[in-house]
Each structure stands twice: as C-alpha cells, then as structure tokens.
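*Asks:* Everything below, folded, please.
(one chain, ligands or ions: 1)
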Amino acid sequence: MTQVTLETISNLAKKRGFVFQSSEIYGGIRSAYDYGPLGVELLRNVKEQWWRSLVQQRDDVVGLDSAIIQARAVWRASGHEEVFTDPMVECRNCNTRHRLDKLEDPEQCPSCGKRGTFTEPRQFNLMFKTHMGPVEDEDNLVYLRPETAQGIFINFENVRRSNRMKLPFGIAQIGKSFRNEITPGQFVFRTREFEQMEMEFFCRPEEADEWFNYWVEHRFSWYTDLGIDPDKLRLRPHDADELSHYSAGTSDIEFLFPWGWDELEGIANRTDYDLKQHTEHSGEDLRYFDQETNERFFPYVIEPAAGATRTTFAFLIDAYTEEEVNEETRVVLRLDPRLAPYKAAVLPLSKKPELIEPAEKIATELRRKWMIEVDTTQSIGRRYRRQDEIGTPYCVTVDFDTLEDHAVTVRDRDSMAQERVSTDRLLEYLSGLLDR
Ligand code: GAP
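*Replies:* Okay, here's the model as predicted:
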C-alpha cells in the first residue's frame, strides 16, 4: 500500500489540473477551490456513478434540483437557524479561532501552544447569510443552503403528486452547499463551498430500521465497487451526544485519509422530524395518505448523505500509487475506468502529419463515446508516464506501421501490457474493456 501524504496529493492535483486554489492570482481565498480540466471530469464521473446507482438503476428513486436560495422560513422550520452551530473558542494570545469539539486538548491552543488562553465557548451558526433584493435588512435576509436535503423535504408533496410516487420511495439531489466552517482545511476535505449528493428515502415508520440497514450496506458497497480499498473504509455509528438535531441514529462511512479515519458520508434515520416541522411551520399537510389502509401519517426518512467533492478527494487518494519500474518510480492513478477523466489517450509516435492525421481521425471516432486526449508532445515514454499519472486506463499509439497494417498499439495502464488492435475494431475493443 502506497503511503500518500496530503502534500503529494495536493501537488499532483495542481500540477495536473485537478484542483486549483480559488482566486489564486489574488493570493487565494481559503476554503474554496476550483476544479480544473481533469478535476471537473473526475467530479462529474463520481456524481454520474452516484446518480446511476441511486436514480437511474432504480424504479423507487427520482431526482430533483432545487434552488440554493430558499425562504428563510425553511431554515427556521428545519431547526438550522437555531441549532446549526459549532462551539467556537478564540485564543487570547494569538487570536486564532477553533472548534472546541475538534480540539485534542480543550485547554491548549493548537496554533501557539499556550494553555488556558481560550475565551468562553460560544455557539457559532454555520449558515452563510445574504440578502434578497436591493435592501439589506432583516426582512430580506436569506441563507445559502447548508444541506441539499431541505429542498427535498419542501418539495415532498410536489414530487409525490406529480410523479404518483408510492411509499417507499426516495428523492435524490446533487448540488452545492455552503457552511461557514470555523476550521476548514485538509485541502478539499472541509471547505466552505462544497458539493453534496443526498437522497431522502421515505418509508413507513415501522420499516425505517430495515431500510436504514439496507442503505448503509448499499452505500458501503458503492465505494468498494468503484475500487476503494475495503481496508480503508469502515462504519462508525454515532454516539448519542454527537447526533444531529434531527437524527434518531446515524452511521458514518469513514475513509482512512492521510491524517487518519474521517467521515465520507453519513446515513441517518431522520424519523418524521422534517416533514412534521414543515407541516407545522408552513400549514401544508405533508402527511402521506395510504389508499389501501385509509391511513394518513408522516413517513420516516432514511438519508444517505455524501459529499461529492470529499468523495472525489478520497477516490484520488485511494487511487494514488507509486511503484518501481526499471529502477524508476512510476506514479499511477489506479482509478476505476468509470471515474478516470480520460478513458483513452491517442498518441501519434511522431509529429509528422502522416501520423497526426490518422491519430485525429481515431480520436474523433472514439469521442463519440468518451473523453479522449490526443497528446503529441515529448517522447512516448514520458507521454505514457503522464497518462499513468492522470489515471488514463488506455493509451492508443499510432506508429508508422499503422500506415501499412491499419492497426494501433493499445497499452493497459495497470499492467502496461500492449496489444495490437486493428483500427476498425478499436471502438468495439475499447467498449469491451470500458463499458459497464
Ligand atoms: N443532510 C445531512 C447532512 O448534510 P452532513 O454529515 O453534515 O449531513 C453530509 O453532511 C456530507 O457532506 C458529509 O459526510 C461530507 O461528505 C459532506 N460535507 C459536509 N460538510 C462539508 C464541508 N465543509 N466540506 C466538504 N464536504 C462536506
């Protein structure tokens, strides 16, 4: 197992165009990041795989894309305005702020090392505030959503009615969330702007435990099926004192990050808390009517809530491998091909037009299905190394023999094995390897 440090991953991410610091040319803004040409593909592929698994391949879950800005009343009803807070202390010596519940020693400042210098803890609300319209007063105050989930709860009845949904059913959503974290950090692990992938699964209250177990298992397998080393994943049930205000039980899926075990995703039993709160605050009856039993009741909700950006980071860390090849270190991102930014790279052996032309033609054909890169720079060995480092599963080399035999060499990223494949069979050959 390659031991990867945070520095190695953040350097690779910047060098190869996965992730850049936001507003970098102005000195950088802490805790927001921009996804470069490769990062945006990786992130899109992660979200695509989540959507396939939770929406496309099921008949009991549908999708939603709700607004980031919602009425302030939503956040009053959900409880976020009152209790979505973290305990914050400030060091009187060096003026740094810290989350009290995350300190190793609650008496010692981790920035300056002094003891007994903290102020009394105060509860800090994590929601970003802004104003709707030109007048900046209390009446126009709105929040950027700190979770995508509330957009689902407030649309529960719209979705149920318009799509004739019957229990049990789920509503899934991927989108940006914002939290004014006290201590963002560890690269893209904890940021103030991030992306979530959440699904609210509505079921009969008596079936909630069964569905909870089902979704924990389902979500755990999603990570291992996409190649995360099972030894780097574990389940951790929350203690009673760390449960969110809405949860009757939560289990986290944790990943072994370079700094230790930390959360990737939480699966919570939110009970009927949210639908009840919104019914009470909005006056709309969000109970479900069961036509067979003539009963009206509040469904329970099981919620698998993952971070898209955090999960993408975990895939990057897990895939990073260093190995010795011919007394040189080869860096390989062993990403599952479904997640790899480029599925193949087409590499003409020389820059001569007679090779560039067929290479471009092959790339155009393959682009009907996949993201493809054509690379004409540097020696072939260096180009292979670059593709290994960005996780491209297959390299297609066009050489002078191609002009005679109408075949190309396909090189496998992981085994480095090479095979000669006729150009007219190439799309079919790669489909056999890539389509799942
Ligand atoms: N709706 C429930 C909810 O939001 P959460 O555990 O607070 O639960 C779910 O968030 C997931 O969102 C986390 O497991 C994590 O992957 C991601 N997430 C939360 N805060 C984040 C942050 N500041 N930066 C990056 N990802 C974050």
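*Asks:* Could you give the number of residues near E354?
*Replies:* 12 (other Cβ atoms under 10 Å). All C-beta atoms are positioned from the backbone trio N, CA, C, and that covers glycine.
*Asks:* How about it, nearest residue that isn't a chain neighbour?
*Replies:* Spatially, and ignoring its direct neighbours in sequence, E354 is nearest to L403 (6.3 Å; Cβ to Cβ, 6 or more residues apart in numbering).
*Asks:* List the residues that contact that neighbour.
*Replies:* Listed by Cβ atoms under 8 Å, 6 or more residues apart in numbering, the contact partners of L403 are 354-355, 358.
*Asks:* Give me the pLDDT for it.
*Replies:* Predicted confidence (pLDDT) at L403: the value is 96.
*Asks:* With respect to E200, which of the contacts of L403 is nearest?
*Replies:* Nearest to E200 among those, counting by Cβ to Cβ, is P358 at 51.1 Å.
*Asks:* ok but that closest one is inside a strand, no?
*Replies:* No: secondary structure of P358 (DSSP: H, G, I helix; E, B strand; the rest coil): helix, not part of a strand.
*Asks:* what residues are up against it?
*Replies:* Neighbours of P358 in contact, by Cβ under 8 Å, 6+ apart: 348, 398, 402-403, 423.
*Asks:* hmm, which of these are the buried ones?
*Replies:* In terms of neighbour count (16 or more other Cβ atoms under 10 Å), the buried residues within those are 348, 398, 402, 423.
*Asks:* Nearest to the ligand, out of these: which one, please.
*Replies:* Lowest distance from the ligand to those (Cβ to the nearest ligand atom) belongs to P348, with 40.9 Å.
*Asks:* pretty sure that closest one contacts I380?
*Replies:* No: shown here, P348 and I380 do not form a contact pair, counting by Cβ atoms under 8 Å, at 9.5 Å.
*Asks:* what do these two both touch?
*Replies:* Joint contacts of P348 and I380 (Cβ under 8 Å, 6+ apart) are T397.
*Asks:* The ligand contacts on the stretch 151-300 of the chain?
*Replies:* Within the stretch 151-300 of the chain, the positions adjacent to the ligand are 179, 181, 190-191, 194, 196, 198, 263-266 by Cβ under 6 Å from any ligand atom.
*Asks:* Let's see if you can find the most crowded of those residues.
*Replies:* E198 (26 neighbours).
*Asks:* Mind listing what's buried along stretch 245-259?
*Replies:* Applying 16+ other Cβ under 10 Å to stretch 245-259 flags 246-247, 249-258 as buried.
*Asks:* Sort out for me which of the residues you listed are in strands.
*Replies:* Among those, the residues falling in strands (DSSP state E) are 249-257.
*Asks:* Now distance to the ligand and secondary structure too, for the contacts of P358, in a markdown table please.
*Replies:* Below are these laid out as a markdown table (distance: Cβ to the nearest ligand atom, whole Å; DSSP: H, G, I helix; E, B strand; the rest coil):
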| residue | distance to the ligand | secondary structure |
| --- | --- | --- |
| P348 | 41 | strand |
| V398 | 42 | strand |
| T402 | 46 | helix |
| L403 | 51 | helix |
| T423 | 43 | helix |
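*Asks:* shaky segments in this structure?
*Replies:* The model of the chain has pLDDT under 70 over residues 1.
*Asks:* okay, the contacts of P358 in a markdown table with distance to A77 next?
*Replies:* Converted to a markdown table, these look like this (distance: Cβ to Cβ, whole Å):
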| residue | distance to A77 |
| --- | --- |
| P348 | 61 |
| V398 | 61 |
| T402 | 65 |
| L403 | 69 |
| T423 | 61 |
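*Asks:* Kindly provide the distance from F202 to F298.
*Replies:* 9 Å (Cβ to Cβ, to the nearest Å).
*Asks:* quick one, which of those two is more surrounded?
*Replies:* More crowded of F202 and F298, by other Cβ under 10 Å: F202, with 26 against 18.
*Asks:* Tell me how far the more buried one lies from R72.
*Replies:* Taken as Cβ to Cβ, the span from F202 to R72 is 25 Å.
*Asks:* Can you name the residues bridging to the closest residue to the ligand within the chain?
*Replies:* Closest contact between the chain and the ligand, by Cβ to the nearest ligand atom, is at G307 (2.5 Å). With DSSP bridges as the criterion, G307 is bridged to Q196.
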